[in-house]
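Colleague: only geometry, no sequence info:
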């Protein structure tokens with residue numbers, strides 16, 4: 001699909017290495033957005049979908065916000081920039097072609113989001129640019145490609161988040177132990193976890209985890225969301241989560 005139509009913005013979905021996908025929609029809808037959030041970073045923005053969803057939500061809270069979006073893939077960054085320019089929030093968003101390791105740490109953010117690479121190299125698809133968007137690069141076998149994984153995102157967030165800031169990631173469920181272990185090493189602990197099932201009979205396949213610095217005095221929230229019923233229709237829970245973004249499904 002060349003253009004993906006959301007309720008309040010359109011996303012050109014042609015040039016980016018990673019197309020509009022459920023993981024990104026989940027991240028953009030499930031990440032908490034607070035009235036105090038002013039500066040946001042979307043790492044590995046692709047088409048810019050997550051950044052646009054966050055912009056829509058922030059615009060309801062006020063006009064004083066800025067979103068930086070970065071991607072190492074040039075066509076992706078250019079397409080995200082064009083999608084931002086065509087949105088109602090074009091003055092609040094910028095997209096840049098740069099790797100996280102080169103982005104610098106002088107900025108301070110209230111919220112950092114990422115749908116980072118996660119597939120094992122043995123599962124690489126034939127299309128090289130999509131590989132780079134979805135796989136953790138190996139600097140020995142992928143010269144010129146800067147590695148990116150949830151570890152780099154957490155380490156960058158440790159250096160650049162403001163006090164009270166949060167980092168939110170979507171990842172496969174089987175990476176949970178590794179994710180939590182490295183987050184704790186960086187001083188982050190989960191305060192909200194959303195476990196995502198495709199259908200009720202299956203185990204969760206995705207996690208949307210929101211981290212904050214230090215342990216909370218209250219127990220972290222841990223919820224489960226099922227995306228579809230057995231007929232392939234959105235469940236009431238998923239429909240409610242994305243109701244401000246996705247067009248209604250036909251009956």
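Modeller: Thanks, I have the structure now. This one's a predicted model, so the numbers in the text were calculated from it and none came from an experiment.
Colleague: next, count neighbours for residue 230.
Modeller: Residue crowding around residue 230 was assessed by other Cβ atoms under 10 Å; the count is 8. Every C-beta, even on glycine, is put in place using the N, C-alpha and C of the backbone.
Colleague: tell me, how many residues neighbour the residue nearest to it when sequence neighbours are not counted?
Modeller: Leaving aside its chain neighbours, residue 230 sits nearest to residue 199 (6.4 Å; criterion: Cβ to Cβ, 6 or more residues apart in numbering). Applying other Cβ under 10 Å, we find 13 residues neighbouring residue 199.
Colleague: kindly report the same for the one 5 residues further on.
Modeller: The tally of other residues near residue 204 (other Cβ under 10 Å) stands at 18.
Colleague: one more: residue 177?
Modeller: Applying other Cβ under 10 Å, we find 8 other residues in the vicinity of residue 177.
Colleague: any idea which helix or strand carries it?
Modeller: Using DSSP states H and E, residue 177 sits within helix 176-185.
Colleague: list the buried ones in that helix?
Modeller: Neighbour-count burial for helix 176-185, counted by 16 or more other Cβ atoms under 10 Å, picks out 176, 179, 180, 182, 183.
Colleague: quick one: low-confidence ranges for this structure?
Modeller: 1, 117-147, 251 (pLDDT under 70).
Colleague: how about the strands in the chain?
Modeller: Remark: strands assigned in the chain by DSSP state E are 3-5, 10-12, 39-43, 66-71, 93-97, 109-114, 161-172, 188-197, 206-213, 221-226.
Colleague: the helix holding residue 177 relative to strand 206-213, how many degrees between them?
Modeller: Counting by axes from the mean of the first three to the mean of the last three Cα atoms, to 10 degrees, helix 176-185 lies at 10 degrees to strand 206-213.
Colleague: mind giving me the packing neighbours of helix 176-185?
Modeller: helix 150-160, strand 188-197, strand 206-213 (3 or more Cβ pairs under 8 Å, 6 or more residues apart in numbering; DSSP states H and E).
Colleague: adding distance to residue 80 and mean neighbour count, write the strands of the chain out as TSV.
Modeller: Shown next, in TSV, are those (distance: least, Cβ to Cβ, whole Å; neighbours: other Cβ atoms under 10 Å):
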stretch	distance to residue 80	mean neighbour count
strand 3-5	13	14
strand 10-12	9	20
strand 39-43	9	25
strand 66-71	6	24
strand 93-97	4	19
strand 109-114	13	25
strand 161-172	18	20
strand 188-197	24	20
strand 206-213	21	21
strand 221-226	26	14
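Colleague: can you add distance to residue 150 and give these back as TSV?
Modeller: Compiled in TSV, those are given as follows (distance: least, Cβ to Cβ, whole Å):
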stretch	distance to residue 150
strand 3-5	26
strand 10-12	24
strand 39-43	10
strand 66-71	16
strand 93-97	21
strand 109-114	7
strand 161-172	6
strand 188-197	11
strand 206-213	9
strand 221-226	19
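Colleague: so residue 173 versus residue 204, what's the distance?
Modeller: 5 Å (Cβ to Cβ, to the nearest Å).
Colleague: was I right about residue 245 contacting residue 56?
Modeller: Yes - using Cβ atoms under 8 Å, residue 245 is in contact with residue 56, at 7.3 Å.
Colleague: what sits in contact with each of those two?
Modeller: residue 8 (Cβ atoms under 8 Å, 6 or more residues apart in numbering).
Colleague: for the residue nearest to residue 230, give me its contacts.
Modeller: So residue 199 contacts 226, 227, 228, 229, 230 (Cβ under 8 Å, 6+ apart).
Colleague: same thing with residue 34?
Modeller: With Cβ under 8 Å, 6+ apart, residue 34 has these contacts: 110, 111.
Colleague: how much space is there between it and residue 86?
Modeller: Distance from residue 34 to residue 86, by Cβ to Cβ: 27 Å.
Colleague: what does residue 69 give?
Modeller: Taken as Cβ to Cβ, the span from residue 69 to residue 86 is 14 Å.
Colleague: check residue 168 too.
Modeller: Per Cβ to Cβ, residue 168 is found 25 Å from residue 86.
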